[in-house]
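Enquirer: can you look at this prediction? I've put the sequence above it.
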Protein chains: 2
Amino acid sequence: MTLSITESRSQAVEMRIDGPRLWDSLMALARVGATEKGGVCRLALTDLDRQGRDLVIRWGREAGLAITVDRIGNVFMRRSGRNNALPPVVAGSHIDTQPTGGKFDGNYGVLAGLEVVRTLNDRGIVTEAPLEVAIWTNEEGSRFVPVMMGSGVFAGAFSLETAYAARDTQGKSVREELESIGYAGPEEPGQHPIAAYFEAHIEQGPVLEAAGKTIGVVTGVLGLRWYDCTVTGMEAHAGPTPMPGRKDALQVALGLMRKVVEVALARAPHGRGTVGAVEVFPNSRNVIPGRVKFSVDLRHPETGGLDAMEQELRAALAEAARNSGLRIELELVSQFKPCMFDSDCVGKVERAARDLGYSLMPAVSGAGHDAVHVARVAPAGMIFIPCKDGISHNEIEDARPEHLEAGCNVLLHAMLARAGLAE
Amino acid sequence: MTLSITESRSQAVEMRIDGPRLWDSLMALARVGATEKGGVCRLALTDLDRQGRDLVIRWGREAGLAITVDRIGNVFMRRSGRNNALPPVVAGSHIDTQPTGGKFDGNYGVLAGLEVVRTLNDRGIVTEAPLEVAIWTNEEGSRFVPVMMGSGVFAGAFSLETAYAARDTQGKSVREELESIGYAGPEEPGQHPIAAYFEAHIEQGPVLEAAGKTIGVVTGVLGLRWYDCTVTGMEAHAGPTPMPGRKDALQVALGLMRKVVEVALARAPHGRGTVGAVEVFPNSRNVIPGRVKFSVDLRHPETGGLDAMEQELRAALAEAARNSGLRIELELVSQFKPCMFDSDCVGKVERAARDLGYSLMPAVSGAGHDAVHVARVAPAGMIFIPCKDGISHNEIEDARPEHLEAGCNVLLHAMLARAGLAE
C-alpha cells in the first residue's frame, strides 16, 4: 500500500494507536515475572529479564524491526525511514523492575514505542527519518548500581568498565550476567546517533491525577543531591541519667530531620526534601542513642536552588552542633544535576497533546529516568500519564487504559512530527 | 574468740571491712568470662555463670556459710546468728552480666555481702539475727526475659512456670539451662523469710560523681513505663511527590519523639523520657517513610507523675493524629511501679554513712534492681557508690577502690544495726 503524500498527511493527522493492543502487550509482558499480588519482579540481567527481552524482541521482529544490541545490553529495534542516512527518532525506556515493581514503570515507554511502529505498519506509513524503539539496561538499579546504567554508559555519564564491574549481593558482575543471558552485544555504547528521544512514562507521583489532567508535558527533571548526616553523642542508660547533660544524638537529629523538609517547603512547588532512612545506635529501648545516621534527599529544578537548600541545611547543622556540643557530619553521597529537556522536543509533545484534544499541564519529573542521560547526547523529551494514587515501585502500581492510550497517541504524533513523513 | 558485749559493741563501731580483699575478690570473679576490653560476658545460666556461682559459693563455704538454692536458682549463703529463729538480714545482688558488661554491676553487691561476713568472722562477732548473702538469678535479662527473674519469682511478681518457660534465641529454656548447670535447687522460691534486705550497687549514672559524693542513700526506684508508638502514613517516591499532601510518618513522629523528652524535662529532676529505638519502613533513601515505630521509656518516682507524663504524651499523639490525618498508636509493653524503700532500712544506710564520715546524698535509682522485687516481700534499702562517668552495661564500666570500700562499710554497719549484736 503506497499513499500519495496528501493522503498520507491527512491520514497521519487522524491516526490513532490501538489501545487494546497496547494493553494486551503490557499484560503479556507483565506475566514474565508476575507476582502473586499483581506486580512484577523482573530484576535486571536475570533469566526473567532475558525472557522479557526475548518477548519484546520477538514482537519487534514480527513488526519488521531490525535489532542491534550494544555492549551494555541496550537494545535498539529499527524501522527504516525513507532516508536511512538520517539519525533515528527514538522512543524508549526500560523493562527491568523493582523487586516489588508494577506492570507499567518502564515497560510502558518501550511498549508504547512498539505500538507506534505497529500503528504505522498497519497504515503503511513511511517516515522520512528512521524510527527506533530502545530498551535501556538496568534502569532500576535494584540489583546493580549505578541506576540508569544502560543509558548512563550510552551517554558517557560513567564508563562501560564501571558498569561491568558492578556486582550484586551474590557477587555476580554485570559483565558475567550480561553474557549469561546473551545480551552482551557487539555495538559500542554511544556509537549510535539519535535525532531525538521521547520517553512515555507513568508519572509515579500524584500531581496529574489530582489535577485531573491526562498528559504531563515534561519540561525537565529535578536535580538531586543525596547526603548522609551523622550525629554523634554519647550513649547512656535511660534510667539513671538525668535529663540535663544528656548527649542524646536522636534528640539533636530530630530538629535536623525536620529542617530537611522545611528547606523544601520554602521552595514550593518543585523543591523536595525527604529523610527516608534512619539508623539509631545502639537502638535499644533503655539506652540513650549515642549516634544517629539519617539520609537526606534534596531535589530542585535549578542548581542554584539545590545550592541554597544545602546552604540552609548546613547552617542549621552548624547551629545545632554549637548548641548541643555534639559532632554533626554531612556527607554528599550522590548527585544528579537538574535536566532541562530540549525545547523543540517539549514543544512537539505539547503540540501533539493539544492537537489530540487531551487535557494537559506542564510537569517536572521528580524522579530520574533514562531520558536524563540520553538528554546529554541528544534532544529529548518525556510524556507523563497519571498513575493511580501516584503509586509506583509497588505491586499495586496501576494506570488506566485510556491514559496509556492517550500517552501513546502523543508519542506517536510527537515522533511523527520530529521524523517527518516521507515525501 | 568470744567478746563481752561491751567489748563487742565498741569493736563493732570501729570495725571496717578489708578493701583490698574486696577488690581482689571482684577482680578474681571478673576473670570468669573476662573480655578482651576489660569487661565481663557472663550471661545467665551459661557454663560461665555456673563457674562464677561455683567460685562465690566456694568462698562462702570457706567463710563457714551454709548454702541453700531455690527452684529458680537463687542462692542463699547463711551465717548463723545467736537466735536462728529470727529471719536473716540479707545482702545480695546478681552475678550475671550483660554481653558487654563490666566487673561491678551486680557482682559488687554480692561480694560486698561476702566481705561483710569475712570481716565479722575475722573479729569473731556474732549477730543476734542470722545474716545471708543472696545471689539472684538472671537479673540482666540479656539471655532470658523477664529481667530480674530470680528476685521476681521469689517475690511473686510472676510465676516460676513463666520463668521456666522463657527461652533464649537458641530455643533453650530456663528450666533446661538451670538443670544443665546444676542450679535448680530444692527450695520453694519465696519460702525464705527475710528480716531486711540491703543491696550495694554502682550508681550506673553520673549524679554522685558530678556531685562529688561517696554514698547515695537510695530512697526508692523510679517507676517505669515502656511503650511502642507507631505512626502510619503512606510511603511514596521522594522525587515525584510534592511536599504538600505527603503522609510522611517520620515527620509526624519527629514531634512526638521530641515530646517524650519534653514531658520529662518538665518534671525535673527525677522525670525521665527517652526514645532509644526507632524503626523506619521501608527505610529507603528515596522513599517517603510509610511507617515509623519508636520506643518510649518514661520514668518517675511517683505513679501520679507517670500518669501525668503519659496523659500529656497521649494528648500530643491525639493532636498530631488530628493535624496530620495519620494513624498513631501507643501500646504499653512493660511497666514497673515506683518503689519507695523501707524508711527504717533507708535510715540505717544514712546513719551508717554519716557515722562513717562519708559524704552522702539522697538518691533515686533510675534503673531497676533485684531490691525492687525484694521490697515487695521484705523491708529493703540500697547503697549507691559512684561509677566512672556514670557508665555501666559497658566493658569500660569502672569504680574506684575507695568507693567500693566505703559502700561495703556502709553495708556492714547497716546490716549490723538491723541484725543486732548478740547479747
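Expert: That came through, no problem.

Enquirer: drop to CA atoms for contacts and neighbour counts, all remaining ones
Expert: OK.

Enquirer: what is the burial count for residue A:349?
Expert: Residues within reach of residue A:349, counting by other CA atoms under 10 Å in any protein chain shown, total 29.

Enquirer: so how far is residue A:299 from residue A:306?
Expert: 7 Å (CA to CA, to the nearest Å).

Enquirer: what sits in contact with each of these two?
Expert: Common contacts of residue A:306 and residue A:299 (CA atoms under 8 Å, 6 or more residues apart in numbering or on different chains): A:223, A:224, A:225.

Enquirer: give me the more crowded residue out of residue A:306 and residue A:299.
Expert: Neighbour totals were compared for residue A:306 and residue A:299, and residue A:299 leads with 30 against 23 (other CA under 10 Å).

Enquirer: which residues does that one contact?
Expert: Contacts of residue A:299 (CA under 8 Å, 6+ apart): A:222, A:223, A:224, A:225, A:270, A:271, A:272, A:273, A:306, A:366, B:239.

Enquirer: thought residue A:86 was touching residue A:127?
Expert: No. Judged on CA atoms under 8 Å, residue A:86 makes no contact with residue A:127 at a distance of 10.9 Å.

Enquirer: neighbour-wise, which of those two wins?
Expert: Remark: of residue A:86 and residue A:127, residue A:127 carries more neighbours, 24 against 15, as counted by other CA under 10 Å.

Enquirer: now that one, which residues is it bridged with?
Expert: As for beta bridges, residue A:127 partners with residue A:421 under DSSP bridges.

Enquirer: correct me, but it touches residue A:81?
Expert: Yes. Counting by CA under 8 Å, residue A:81 is a contact partner of residue A:127 at 5.0 Å.

Enquirer: pull up the overlap in contacts between those two.
Expert: In contact with both residue A:127 and residue A:81: residue A:422, using CA under 8 Å, 6+ apart.

Enquirer: flag every residue of the stretch 301-423 of chain A that's near chain B.
Expert: A:365, A:366, A:367, A:390, A:391, A:392, A:393 (CA under 8 Å from any CA of the partner chain).

Enquirer: so of the residues you listed, which ones are in strands?
Expert: If you go by DSSP state E, these have residue A:365 in strands.

Enquirer: element containing residue A:192, please.
Expert: Here residue A:192 sits in a region with no helix or strand, counting by DSSP states H and E.

Enquirer: burial measure for it, as a count.
Expert: Residue A:192: 12 neighbours (other CA under 10 Å).

Enquirer: over to residue A:136?
Expert: 26.

Enquirer: right, and it touches residue A:152 too?
Expert: No. Counting by CA under 8 Å, residue A:136 stays clear of residue A:152, with 9.3 Å between them.

Enquirer: overlap in contacts, those two.
Expert: With CA under 8 Å, 6+ apart as the test, residue A:136 and residue A:152 both reach residue A:370.

Enquirer: contacts for stretch A:108-124?
Expert: Against stretch A:108-124 from outside (CA under 8 Å, 6+ apart): A:1-2, A:16-18, A:21-22, A:25-26, A:56, A:60, A:63, A:79, A:91-95, A:126, A:131-135, A:199-202, A:404, A:408-409, A:411-412.
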